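A.B. asks: Any chance you could fold what I've pasted below:
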Amino acid sequence: MRDYRTVRHVNDQGNEHGFVASVSMLLKIPTLRWLYVGFGVRSFVNYALLSWLAAYFMRSQGIAEDQAGMAVGATALMSIFGPAIGGDARDRWHKSNREAACCCWP
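C.D. replies: As a prediction, the model looks like this:
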């Protein structure tokens, strides 16, 4: 991706915009607002899942607390590193196979 020139935002008096003005400028972008909403919902689901998953494992699978904790820890690690590893694997696969299905970028 090509880098773009950094633009300094200056108001009519020649002063740079402050933090609040910069945030309000960013929040005028509809896509960015929806991105923030999506991340908020995703975070809510992740925290709920990781909070109750151990109890679910203990009740549904009948496993001990320590084993349930290890299973939840493994799930948490997969949710942290899985997207990055999967994205990297997809990029490598697409570079080696140009006929690979690609929906967004060349």
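A.B. asks: center of this protein - which residue?
C.D. replies: F39 (6.5 Å; C-alpha atoms, centre = their mean).
A.B. asks: And the longest helix along the chain, how far out from the chain middle?
C.D. replies: Secondary structure of the chain per DSSP state H: the longest helix is helix 65-96. Centroid separation for helix 65-96 versus its chain: 13 Å, with C-alpha atoms, centre = their mean, to the nearest Å.
A.B. asks: What are the buried residues along it?
C.D. replies: A68, A71, V72, T75 (16 or more other C-beta atoms under 10 Å). Every residue, glycine included, has its C-beta placed from N, CA and C.
A.B. asks: got TSV for the residues you listed, with pLDDT and distance to P83 too?
C.D. replies: What follows is those, written out as TSV (pLDDT from 0 to 100; distance: C-beta to C-beta, whole Å):
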residue	pLDDT	distance to P83
A68	93	24
A71	91	20
V72	91	18
T75	88	14
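A.B. asks: Give me the three-state assignment for W52.
C.D. replies: Here W52 is recorded as helix under DSSP: H, G, I helix; E, B strand; the rest coil.
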